[in-house]
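Enquirer: just the structure for this:
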Amino acid sequence: MLDGVSLDQLRTFVAAVDEGSFSAAARKLNRVQSAVSGWVSGLEDQIGVTLFDRSGRFPKLTPQGALLLTDARSIISAVDTLKARAKLMTSGLEPELSVVVDVFFPTSAITAVVKEFAERFPHTRLKIFVEGLGAGYQPILDGRCSLGILASLPVSFPTLSIERIGEFSLVVVASVDHPLSRLSGKIPRRELAKHVQLVLTDRSELLAGKDFGVLSPSTWRLADLSTKYAFLKDGVGWGSMPWHMVEQDLVAGALATLDVEGSPKEGVKIDICAVHATDSLPGPAGQWLIDRLSCSPIY
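Expert: Take a look at the predicted model:
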């Protein structure tokens, strides 16, 4: 019996509740009142539950009806979402977009754009992963993500299309209490080598055996940027950080930039790129995300 429950019956049930009467529901649904009454009665017969108390002037939800109303709304919403996503598929708009964002990319920029995305593409489900170094490229290479917003690497990826959309500065910093912060003028690399360098480790095997920007034989490898940031503030070692993450600490005097010999004090510029498989172009939602992030402030 329950298999015979129709979407029309559920919509009529919900309309009767929302409009307050069968006659008002009939007007909303452009049906005669007898048809509305018939749909609701048929639904009650099929599920074996009385949904409305009809003893008064207007039908009143029974306690059982009130409980089932939530289920009815959920079913209707799920069907409407299914129809909307099916329509997206036939129109070329992605029903789901999986994006991997570089750990160096400003979180505030992503948050602002994602808010706009939700309004512009309400039926496109968005999945966001945050990774760094080769671990950012791995999900695109193996097909788990269709798009990446990633820092460029001095490595070739022949199967990937890589388009520059901005840049940020990577600065070398240490706590103001660290011995290196007390040195004046250009700091020779031999001085850096005397102290522990904090290095972000790659959670993939893509860059196995490769190190970038490692200047000290004594390194501590950290799996996430937030831990590295906390260690730096506490004076545990020195290391490079994106300028936008440490800007306030530099202004407040908690951290200091290290003027390293052979490197610009204002930091090394690193490109941020939109990355996707060469044989799989971004759809409308993905391209909108790329275009919008290209306009976001990246430091």
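
Enquirer: next SSE downstream of the host helix or strand of Thr70?
Expert: Secondary structure assignment for Thr70, by DSSP states H and E: helix 63-91. Per DSSP H and E, the first helix or strand lying C-terminal to helix 63-91 is strand 96-102.

Enquirer: the next helix-or-strand element following that following strand: how far from the chain's middle?
Expert: For strand 96-102, the following helix or strand on the C-terminal side (DSSP H and E) is helix 107-120. With Cα atoms, centre = their mean, to the nearest Å as the basis, helix 107-120 stands 9 Å off its chain's centre.

Enquirer: report the buried residues of helix 107-120.
Expert: By neighbour count with 16 or more other Cβ atoms under 10 Å, helix 107-120 contains the buried residues Ala109, Ile110, Val113, Phe117. Using the backbone N, CA and C atoms, a C-beta is placed for each residue, glycine as well.

Enquirer: from His123, how far off is the third one?
Expert: Between Val113 and His123 the distance, using Cβ to Cβ, to the nearest Å, works out to 18 Å.

Enquirer: can you check the first one too?
Expert: Spatial separation of Ala109 from His123 under the definition Cβ to Cβ is 24 Å.

Enquirer: point out where the stretch 151-299 of the chain drops to low pLDDT.
Expert: 296-299 (pLDDT under 70).

Enquirer: coming back round to it: can you check what angle separates the helix holding Thr70 from strand 96-102?
Expert: On the basis of axes from the mean of the first three to the mean of the last three Cα atoms, to 10 degrees, helix 63-91 is oriented at 80 degrees to strand 96-102.

Enquirer: mean confidence score for helix 63-91?
Expert: Throughout helix 63-91, pLDDT has a mean value of 79.

Enquirer: need the helices for the chain, in chain order.
Expert: Secondary structure of the chain, counting by DSSP state H: helices at 7-19, 22-29, 33-47, 63-91, 107-120, 134-141, 189-192, 225-233, 243-252, 284-294.

Enquirer: same for the fourth one, what does it pack against?
Expert: Spelled out, that is helix 63-91. Other helices and strands packing on helix 63-91, by 3 or more Cβ pairs under 8 Å, 6 or more residues apart in numbering; DSSP states H and E, are helix 7-19.

Enquirer: which ones are touching the spatially most central residue of the chain?
Expert: Centroid-nearest residue in the chain: Ile128, 3.2 Å away (criterion: Cα atoms, centre = their mean). Contacts for Ile128 (Cβ atoms under 8 Å, 6 or more residues apart in numbering) come out as Val99, Val100, Val101, Ile110, Val114.

Enquirer: try 7 Å this time
Expert: Applying Cβ atoms under 7 Å, 6 or more residues apart in numbering to Ile128 gives the contacts Val99, Val101.

Enquirer: dig out what it forms beta bridges with.
Expert: Beta-bridge partners for Ile128, by DSSP bridges, are Val99.

Enquirer: ok, it to Ala66 distance?
Expert: From Ile128 to Ala66 the distance is 37 Å (Cβ to Cβ).

Enquirer: I am finished for the moment; much appreciated.
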